[in-house]
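Student: Take a look and give me a structure for this.
(chains A, B, C and D)
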Protein chains: 2
Amino acid sequence: MTGDGVAEKQVTEKSTGRARGIDRVIALMEHLHDRRAPTRIADIARDTGTPRSTMYELVNTLVEARWLELRDGDGTVYFGPAMHYYGSDYLDSVDLIRKARVEVAHIAETVGETAQFCTLDGDKYLVVLNEPGRRMFRISSEIGIKVPIPWTASGRLLVDHMDADEIRRFIPSDDFTLPDGRRIAEDEFLEDMRRARTQGYVRTTALVDRFTTCLAAPVRDPAGRCIATICFVVPADTTEEAQQVMIDTLKASAERLSPGR
Amino acid sequence: MTGDGVAEKQVTEKSTGRARGIDRVIALMEHLHDRRAPTRIADIARDTGTPRSTMYELVNTLVEARWLELRDGDGTVYFGPAMHYYGSDYLDSVDLIRKARVEVAHIAETVGETAQFCTLDGDKYLVVLNEPGRRMFRISSEIGIKVPIPWTASGRLLVDHMDADEIRRFIPSDDFTLPDGRRIAEDEFLEDMRRARTQGYVRTTALVDRFTTCLAAPVRDPAGRCIATICFVVPADTTEEAQQVMIDTLKASAERLSPGR
DNA sequence: GACCGACGTCCGATATTTCGGACAAACGGT
DNA sequence: ACCGTTTGTCCGAAATATCGGACGTCGGTC
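Tutor: Next up, the predicted model:
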C-alpha cells in the first residue's frame, strides 16, 4: 500500500454529479501531485469523486497525449513526459526563475548542499526550485507543495514588509503550529523577522525536522520588498564556519537575483 | 508579431466541428509548446481550429487552475506554474532521469559548457534535460522538441543496435536532409555509427548549426543497447585538448548512468 | 473449486457542454 | 472624429460526452 497519511479530498460536487472532462482532469492531476506517487485508476476515481468509467476514459486520452504514463505494469498511472516539457517552457519563460536556476545550480554544486528557490503562493510558502546537494538525503521533491509560512526560514523573509497586525491577518493561526504539535509564539516569529531584516539572512534549526538547519537570503524587488528567497537546507550539526560561507554565498546570489539594481 | 516560421497545424476535425474540451486543451498545450512563446487567445483558437468562444472558456478554466498564465498585460497566455510542479514530479519519478539530472548539472558546472541528456521518441531525437553552461548562448530551451535523428551526434548512438536495413526503414528519408538543404549520405551516417561504437563517443561539427560541435556518449542498458545519451554542445573552435577532457567526462558520466552494472 | 473483490470495457440515455453568432467595448490608423 | 479590426462576454440550441450499471476476466483466499 502507498497509503501514507496523504490528505484525501473529494472534488466539490455541485447540484448533480456531472462535471466537465476538463474539471475532472484538473482534479486528477492535483490528486497525483498531492499523493506524489503512481496511483491506481480506481483509487483516483474514488478519491476525486469521479465515476470509474469516466476516469478510465480520461486516463486513456491523457496517456495517449503523454500527459500521463502507465507505471510498473500494475494498473498505476503517474505524470508523463509532456508535463516536463510544458514545465520547462514555463521555467524558461519567467525571467527571475530562469536566472534563479543558474544560481541555485551553481551554489548547490559548489557548496555541495541542497539549495532551493522559494516564494509565496497565497498565504503559503512554496519551493519553486530544488537542487539536491551531493549528500542528497531528501529523495522526493517538495516542488510545488504548499507549506505554512512559520514552518520555514524563508517565510520570515517573505512577509518582511508586513507589520504585526497584517501578519496576524495574513497567516492562518493554525499555521503557527508545527507538525510535531509545538506552537511558535508570535513574538518569537516577529523577533526572527526583525533580526532577519537587519542581518540580511535567516537561520532556523529543528523547525519542521529536528536535525535540519535552514539558511535563507532575500531576493528583493526595486522597492525593497522580498519577492523570493534562495536558501540552503543542511544538517543541523554543520560547523559554524561552513554556515558562514553558505550565508555569504546566499547573500551574493540573492543580490544578483534582485531585479532592477 | 511573433511569427517565426513555426509550423501551424489544424486540429484534425472529424465529421462535425464539435470536440471534447479535453481534446481542445491538449491541442492548445501542444500549440503553445510548438510556438514556445506567449500567444494571444484568438490566435490559438484560429491555429488549433477551436471556436473562439470555446477557447476563451477553456483558457479561463486553465488560468484558474494555474495551468496557464496571462502574460504581459496584453491578451497573451502561456504555461503556468502547475505545469512546472507536475513536470518536476515526473522527473523525480523516473529513476534514470533523476540520476541524469545530477550528472548533467555536475558536468555542466565543472566544464562550464552546455550539457544535455537525450533520448528517442518514436523515430525522432529529443532533448530531455538541458543545463546551460556559463556562456549560455542558447537562450530558449529545446526541451521536448523533436529533431530528426541524423541531425544530431546522439542520434548516431541511439540507433546503434540497428543494421543498415533497419535504419533505412526506421528513419524517414526526409530526415537525412539538414535544415540548410544539404543531405547526409547514408554511408556517411553508417560510418559515423561504426566509428562511434568502437570509440565509445561521437563528435559532429556544423550539422544543424555551422559553428557548433556536439560531443555525445552512450548510456546503455544491461543488454548493451543505447537507451539515452549525455552530451556537450560547444563552439566549433573549442581546442582539441578541451574536447578530449569533455569526452572523458561524458564517458564517465554515461558509464555511471548505465543501469545494471 | 467455489467465492469474492478488483479491474477494465462496453453501451444506451440524457444532462450538459460546445458552438455559432451577436454585441459592446477597446483599439488604432488615417 | 471616423471607421475597420480585434477583444472579450453572453445566450440559446443541439450534438454529444459523461455517467451508471452491467458484464466478462483475472487472481487471490478459504
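Student: Check the burial of the residue of the stretch 51-200 of chain A at minimum distance from DNA strand C by counting its neighbours.
Tutor: Nearest residue of the stretch 51-200 of chain A to DNA strand C: A:G75, at 2.9 Å (CB to the nearest atom of the strand). Yep, even glycine has a C-beta here, placed from its N, CA and C like the rest. Other residues near A:G75 come to 14 when the count uses other CB atoms under 10 Å in any protein chain shown.
Student: Need the nearest residue in space to it, chain neighbours excluded.
Tutor: What sits nearest to A:G75 in space, not counting adjacent residues and going by CB to CB, 6 or more residues apart in numbering or on different chains, is A:R40, at 5.2 Å.
Student: Tell me if I'm right that the residue of the stretch 51-200 of chain A closest to DNA strand C and A:T39 touch.
Tutor: No: under the criterion of CB atoms under 8 Å, A:G75 is not in contact with A:T39, lying 9.5 Å apart.
Student: Pull the contacting residues for A:H31.
Tutor: By CB atoms under 8 Å, 6 or more residues apart in numbering or on different chains, the contact list for A:H31 reads A:K9, A:T39, A:I44, A:D47, A:T48.
Student: Distance check, the fourth one against A:L28.
Tutor: Translated: A:D47. Relative to A:L28, A:D47 is positioned 10 Å away (CB to CB, to the nearest Å).
Student: the more surrounded of the two?
Tutor: A:L28 (25 against 19).
Student: so which helix or strand takes in that one?
Tutor: helix A:21-35 (DSSP states H and E).
Student: Check whether that helix comes near DNA strand C.
Tutor: Yes: Helix A:21-35 lies within reach of DNA strand C by CB under 7 Å from any atom of the strand, at A:G21, A:I22.
Student: pretty sure A:A217 is touching A:I247, no?
Tutor: Yes: A:A217 lies in contact with A:I247 (CB under 8 Å); the separation is 7.3 Å.
Student: so the residue nearest to A:G75 bridges to which residues?
Tutor: Legend: beta-bridge partners of A:R40 under DSSP bridges are A:T76.
Student: Around it, count how many other residues there are.
Tutor: 14.
Student: for DNA strand D, what are the nearby residues on chain A?
Tutor: A:17-21, A:24, A:50-54, A:57-58.
Student: And the residues you listed, which two are furthest apart?
Tutor: Largest separation among the residues of chain A next to DNA strand D by CB to CB: A:R20 and A:R52, giving 17.5 Å.
Student: so which of the residues of chain A next to DNA strand D are also by chain B?
Tutor: Applying CB under 8 Å from any CB of the partner chain to the residues of chain A next to DNA strand D, one finds that A:R20, A:G21, A:L58 fall near chain B.
Student: Look at the last one and report its pLDDT.
Tutor: According to the predicted model, the pLDDT of A:L58 comes to 96.
Student: Name all residues that make contact with it.
Tutor: A:G21, A:R24, A:V25, A:L28, A:T50, B:I22 are the contacts of A:L58 under CB under 8 Å, 6+ apart.
Student: Hmm, A:A65 and the third one touching each other?
Tutor: No: taking CB under 8 Å as the definition, A:V25 is not a contact partner of A:A65, at 10.4 Å.
Student: Of these two, which one has the most company?
Tutor: A:V25 (25 against 17).
Student: Quick one, grab the pLDDT at the more buried one.
Tutor: 97.
Student: What separation do you get for it and chain B?
Tutor: 6 Å (CB to the nearest CB, to the nearest Å).
Student: what residues are up against that residue?
Tutor: A:L58, A:L62, B:I22, B:V25 are the contacts of A:V25 under CB under 8 Å, 6+ apart.
Student: Spatially, and excluding backbone neighbours, which residue is closest to A:G122.
Tutor: Here the residue nearest A:G122, using CB to CB, 6+ apart, is A:K146, at 7.9 Å.
Student: Now A:T177: closest residue in space that isn't a chain neighbour?
Tutor: A:R183 (5.1 Å).
Student: Settle this for me: the one you found is touching A:F176, isn't it.
Tutor: Yes: contact criterion CB under 8 Å: A:R183 and A:F176 qualify, at 5.7 Å.
Student: who's more crowded, those two?
Tutor: Comparing A:R183 with A:F176 by other CB under 10 Å, the one with more neighbours is A:F176, at 18 against 12.
Student: Tell me the spacing between the more buried one and A:D187.
Tutor: Taken as CB to CB, the span from A:F176 to A:D187 is 11 Å.
Student: Can I get the residues of chain A next to DNA strand D in CSV including secondary structure and distance to A:I97?
Tutor: Below are the residues of chain A next to DNA strand D laid out as CSV (DSSP: H, G, I helix; E, B strand; the rest coil; distance: CB to CB, whole Å):
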residue, secondary structure, distance to A:I97
A:G17, coil, 39
A:R18, coil, 38
A:A19, coil, 33
A:R20, coil, 31
A:G21, helix, 31
A:R24, helix, 30
A:T50, coil, 33
A:P51, coil, 38
A:R52, helix, 39
A:S53, helix, 40
A:T54, helix, 35
A:E57, helix, 35
A:L58, helix, 30
